[in-house]
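Colleague: everything below, folded, please.
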Amino acid sequence: MTEESTGGPATVDDPRRRVAAPLTLAIQPMINDYHLKHGLRHNDYFRYRGYCTRRIKHIRKVLHFTQTSHKPGSGGGFHPKPVKPDLITDPRMLELVVLTCERAWAHAMQLKDESELQPRRRFHVKRKLGVAVQNAHHLLALCSGGGGGEGDQEQPGCTVDARTVLEAKAYKSLMEATFWHETRDFTSAMAAFNSATAIYRKICAFLEDTHHHAPYLAQIAHIEPLVNFCAYSLGEQPSQGGSPAASEISSLEIELEEKLKLSAAASDSTPATEVTWLNSRVSVRLPWVAQFLTTLATVGAEMRKAVADDAKMSLLDGLLDQTRQVQAKLKEELKCATARSGKEDSQEASTLLLLLSYVSFVKLSNQIQKNLLFVMNLVGGGAEMLFSERKAATSAKPQTVLKFFESCIELLDEILALDGVQEAIGGVINCRKLALSVCRDFHLARCFQQQQEWKSALALLVHCKKRAPTIDQKSLELPKGTTGDEYIEENIVLSLVQQLSNHIEQEITLAYTSAVAAQYSSAVAQPADTEAVGAEVPSVPLDCNLDTWINFGSGPLNKMRLTEFPPAMKPIPAKPLFFDIAGSNHIALPEGAVKRGSPQQKGAAAGGGGVLGGYFSGWWGGGAKK
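Modeller: Below you'll find the predicted structure:
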């Protein structure tokens, strides 16, 4: 796979190379989590292989360790960048090797499923499993401090702890067992499976928290049927083939005991890291959180030394990626602590919740800082160029700058939603939100200026002028004892407000002048359609001024108003209504029978001739209806 190069490997002065404690990578829990979340719950190896590819590309890009196929002066071709021991300063470097191995293994399993219809795919299965075994050997060599060979002895240059070395050894044994099982070498496969099982059982015995045993026990349960199949293929009983030789067990247990004791002693001797957050001091004993705090302090020091915005954003990219990982792990630890204690307000859960709040604050603050740096880098010239009068050809659109400020305000709202932030530092966060709102309104006014809506722009600029003096450095600084993070974005926000205050008068004058000029231009540009003699009657219809001569000049005829339409409402007299009130009381009406007529009279009238008339009328359709 070809990846575009975005930067070279880490240099000696790179802060990513400065690590105070050995690295830790829980290989089996990480792999188990990836399997369950990315397709292997349904045996979708193609989806899992695609995830491994994307994850590898992301890690290489974040660590500035991308590979290239266009190396200058080399005549083309692919030029890989293998992971070497002197570059192992971040756990993601080891994760890169693990994911490379997992990608080859997933490809092999996918080809194995397809080999039922295409038998020749089995040759490719063996080839891909061989690649996976080779990467597993490379992983163990890196964890053991070697230079990439197959030696398993730990060397003085080791940068990972003993548990990671053991997990790498178990993972290497598991990949070798899978390869030998596929090549029908059941003796070697069974020995490798037993070695991996023994290591996993010993790691479970070393871990005090039973919740962390699940990934290892699940892998052991997956290995046991394969061991029984190997024993059956060799003609042995499963009970006989289920364990290695006694000498191998003793040597392996001695090695495990020594390494785990060394790891425990190292963790006990390491002093607990403390972090200050919301006027509380929290003791941190989780190694990956302590390593994150060390990295945070190192990156903060490098940010203060860096001058270019590109260098600062590069440092923030790596820090943000690591912050997201630590945040996800803390959420999982919080769930486990709550499940163990059965209470959400236990001591362990409260500590983890406070740490999670601090890590979330760091992530959101760094995202705000990155957005502001990106905006200043976009306009080219820093905060001063962001508010000064710029040429349209060399500057970013105000709409683009406006989006970044709105994003920063949303992130500040998320900070206010964190536990305990509103009560402790809500005033400072609201002041920063006010400062960024002023900057947003300034660029919104520029958007109105582009649309020549000068009155709206002038109103926004006057509003910004009133609110800007209320923001000072003291109101933007967090109180002492709130957080141990020294490098936060108040310096950038303060510089933005200062530059806005320096240029706001000029913008108000420009908007006011443009508004007056636009109003005058519209009045002059409007043609004189009507010229009245003696009195101005442009709004009076002609039928109301028949006694006045009006000279319209050369104006358009459609501007003339002949009459008012629709006409105005006027009262109209109604027609009189007459009622005959004399007939009902003074005139005698005839009887009802005479008026309506009796049945005999009706029959005589209908017959028209007595009996004969009634007789012959029935022939022609006449007669009464019955």
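Colleague: please make it C-alpha for all contacts and neighbour counts, starting now.
Modeller: Fine.
Colleague: tell me which element Val282 is part of?
Modeller: In this structure, Val282 is located in strand 280-284 according to DSSP states H and E.
Colleague: partner strands of that strand and their direction?
Modeller: Counting by DSSP bridges, the strands paired with strand 280-284 are strand 273-277 (antiparallel).
Colleague: now the strand it pairs with: average pLDDT?
Modeller: On average, the pLDDT along strand 273-277 is 79.
Colleague: give the buried residues for it.
Modeller: Burial within strand 273-277, assessed by neighbour count using 16 or more other C-alpha atoms under 10 Å, is assigned to 273, 275-277.
Colleague: just stretch 109-120 next, same as before
Modeller: Result for stretch 109-120 [16+ other C-alpha under 10 Å]: buried residues 109-112, 115.
Colleague: Glu102 reaches Ala132, doesn't it?
Modeller: Yes - counting by C-alpha atoms under 8 Å, Ala132 is a contact partner of Glu102 at 7.0 Å.
Colleague: who has more neighbours out of these two?
Modeller: The neighbour count for Glu102 versus Ala132, taken as other C-alpha atoms under 10 Å, is higher for Ala132 (29 against 23).
Colleague: all the strands of the stretch 401-550 of the chain, residue numbers only.
Modeller: 531-532, 550-551 (DSSP state E, counting those that start in this stretch).
Colleague: next, the closest residue to Cys101 other than its chain neighbours: phi, psi?
Modeller: Leaving aside its sequence neighbours, Cys101 sits nearest to Ala132 (C-alpha to C-alpha, 6 or more residues apart in numbering; 4.6 Å). With angles defined as degrees, to the nearest 10, Ala132 shows backbone torsions of phi -60, psi -40.
Colleague: how about Val62, what does it touch?
Modeller: When contacts are counted by C-alpha atoms under 8 Å, 6 or more residues apart in numbering, Val62 is found next to 317-318, 321.
Colleague: check these for burial and list the buried ones.
Modeller: Using 16+ other C-alpha under 10 Å, the buried ones in those are 317-318.
Colleague: restricted to strands, list the contacts of Val62.
Modeller: Among the contacts of Val62, none falls in strands (DSSP state E).
Colleague: what's the closest of the contacts of Val62 to His42?
Modeller: Nearest to His42 among those, counting by C-alpha to C-alpha, is Asp321 at 28.7 Å.
Colleague: per-residue pLDDT, the closest residue to the closest one other than its chain neighbours?
Modeller: Spatially, and ignoring its direct neighbours in sequence, Asp321 is nearest to Val62 (7.5 Å; C-alpha to C-alpha, 6+ apart). The model reports Val62 with a pLDDT of 87.
Colleague: how near is Val62 to Glu302?
Modeller: Going from Val62 to Glu302 by C-alpha to C-alpha, to the nearest Å gives 17 Å.
Colleague: tell me the contacts of the closest residue to Cys464 other than its chain neighbours?
Modeller: Of all residues not flanking Cys464 in the chain, Val438 sits nearest, at 5.5 Å (C-alpha to C-alpha, 6+ apart). Residues counted as contacts of Val438 (C-alpha under 8 Å, 6+ apart) are 464, 467-468, 497.
Colleague: mind checking which of those residues are in helices?
Modeller: 464, 467, 497 (DSSP state H).
Colleague: just the buried ones from those?
Modeller: Applying 16+ other C-alpha under 10 Å to the ones in helices among the contacts of Val438 flags 464, 497 as buried.
Colleague: got the ones in helices among the contacts of Val438 as CSV, with pLDDT columns?
Modeller: Converted to CSV, those look like this (pLDDT from 0 to 100):
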residue, pLDDT
Cys464, 88
Arg467, 87
Val497, 83
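Colleague: in CSV, list the ones in helices among the contacts of Val438 along with distance to Glu236.
Modeller: Putting those into CSV (distance: C-alpha to C-alpha, whole Å) gives the following:
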residue, distance to Glu236
Cys464, 85
Arg467, 85
Val497, 80
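Colleague: which one of the ones in helices among the contacts of Val438 is nearest to Ala574?
Modeller: Nearest member of the ones in helices among the contacts of Val438 to Ala574, counting by C-alpha to C-alpha, is Cys464, at 63.2 Å.
Colleague: buried ones in stretch 443-456, by neighbour count?
Modeller: 443-449, 453-456.
Colleague: which pair in these spans the largest distance?
Modeller: Across the buried residues of stretch 443-456 (C-alpha to C-alpha), the longest gap, 14.8 Å, separates His443 and Lys455.
Colleague: hmm, Leu494 is touching Asp472, no?
Modeller: Yes - assessed by C-alpha under 8 Å, Leu494 is found in contact with Asp472 at 7.0 Å.
Colleague: neighbour count: these two, which is higher?
Modeller: When Leu494 and Asp472 are compared for neighbours, Leu494 comes out ahead with 22 against 15, by other C-alpha under 10 Å.
Colleague: and Leu320, how many residues sit next to it?
Modeller: 18.
Colleague: contacting residues around it?
Modeller: 363, 366-367.
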